[in-house]
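>>> below: sequence and its predicted model.
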Amino acid sequence: MALARAAAGGSADAGAPAADPLREFAFSKGDFEFLAGLAYKHAGISLSDSKRNLVYSRLSRRLRALGLSSFGEYRQYLESSGGDEVERFINSISTNHTQFFREAHHFTHFRKAVHEIFAEQDQKRSPRRLRVWSAGCSTGEEPYTIALVLRRELPEIARHDVKILATDIDTDVLAKASRGEYPAESLDNVPDAFCRYFQPVPGSDGATLKVAHDVRALITFRQLNLMSHWPMKGPFDAIFCRNVMIYFDAPTKSKLIDRLVRLIRPGGMLYIGHSESLLGTHAGLRLMGRTIYRRDA
């Protein structure tokens, strides 16, 4: 795969400063600009100059694993190895901090919204159907929280058509999410009423817990780059796209929101992260609460 050399500034950095003797690997301004351009091109991730140390730290592990001695060599390796290493590169620079019931007010609102959706369907004598998308699901705590809420709120959920799609660009975190196994201490934020849906993993002496099968069965995990083609058609009753847009610049955020809105049914909900906001106006979206939006049309 030919990568954009404009981002690289050529194969050598004209006038590049001497390597930092305190760093294990030579890492020039040109190296960073190349990697930042690659991240933006393939994942829409915007890396400002303030992220240089973060990029160095995250990718140094890859250089060690590959036996490379500089970021210049890593640039060459990216160009020659094809998409597999680009995927690992994106995995390395992505931040995947999450937890169960994070931003709990979203799930309080979601619980009420689900009952309203089913009440409307009952009034129309339509089958009970619910579709939810966790976009940027990381290691799975978010979609599992959604599933836990649905499992508890809908005791006869097996009789209804309920599905959760969970996607992320990072294949490593998706592998962990699909296993549904977590350290016992990660359940500190899980209300007691939901703890019964976790079971000790045999041989772990209770140190590792696994999400119950009837909760995991509600979720389908898939790899998806939000900047690429979306194979799903929707419509979704709710989309959780939280703490994902912090990576993107303003034009990328705006385009992403417009794409999300088109997949939300009228009356459906969009939940975004607590540190995020919608820039400008987006037709049909109405603010319903803190970082909670409803599609009206």
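Here it is on my side, so go on. Residues are numbered from 1 along each chain as shown.

>>> low pLDDT regions in the protein?
Where the chain drops to pLDDT under 70, the residues are 1-22, 82, 95-96, 279-283.

>>> distance of the residue nearest the centre of it from Gly206?
For the chain, the residue nearest the mean C-alpha position is Gly136 (1.5 Å; C-alpha atoms, centre = their mean). In this structure, Gly136 and Gly206 are 30 Å apart, going by C-beta to C-beta, to the nearest Å. Heads up, the C-betas are built off the backbone N, CA and C, glycines and all.

>>> would you mind writing the CA trace of stretch 112-132 as CSV?
Coordinates of each C-alpha in stretch 112-132 appear next as CSV, following Å, rounded to 0.1, in the frame of the first residue of the first chain:
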residue,chain,number,x,y,z
LYS,A,112,-37.1,5.1,30.3
ALA,A,113,-36.8,5.5,26.6
VAL,A,114,-37.0,1.7,26.0
HIS,A,115,-40.3,1.5,27.9
GLU,A,116,-41.6,4.4,25.8
ILE,A,117,-40.6,2.7,22.6
PHE,A,118,-42.3,-0.5,23.5
ALA,A,119,-45.4,1.3,24.7
GLU,A,120,-45.6,3.0,21.3
GLN,A,121,-45.1,-0.3,19.5
ASP,A,122,-47.8,-1.9,21.7
GLN,A,123,-50.2,0.9,20.8
LYS,A,124,-49.6,0.3,17.1
ARG,A,125,-49.8,-3.5,17.7
SER,A,126,-46.4,-3.8,16.2
PRO,A,127,-43.9,-6.5,17.3
ARG,A,128,-41.5,-5.3,20.0
ARG,A,129,-38.3,-4.5,18.2
LEU,A,130,-35.2,-2.7,19.5
ARG,A,131,-31.9,-1.9,17.8
VAL,A,132,-29.0,-0.2,19.7
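
>>> surely the residue nearest to the centre of the chain meets Thr167?
Yes: with contacts counted by C-beta atoms under 8 Å, Gly136 reaches Thr167, the gap being 7.4 Å.

>>> just checking, Arg32 is part of a helix?
Check again: residue 32 is Phe, not Arg. Yes: looking at Phe32 with DSSP: H, G, I helix; E, B strand; the rest coil, it is inside a helix.

>>> that one: neighbour count?
18 (other C-beta atoms under 10 Å).
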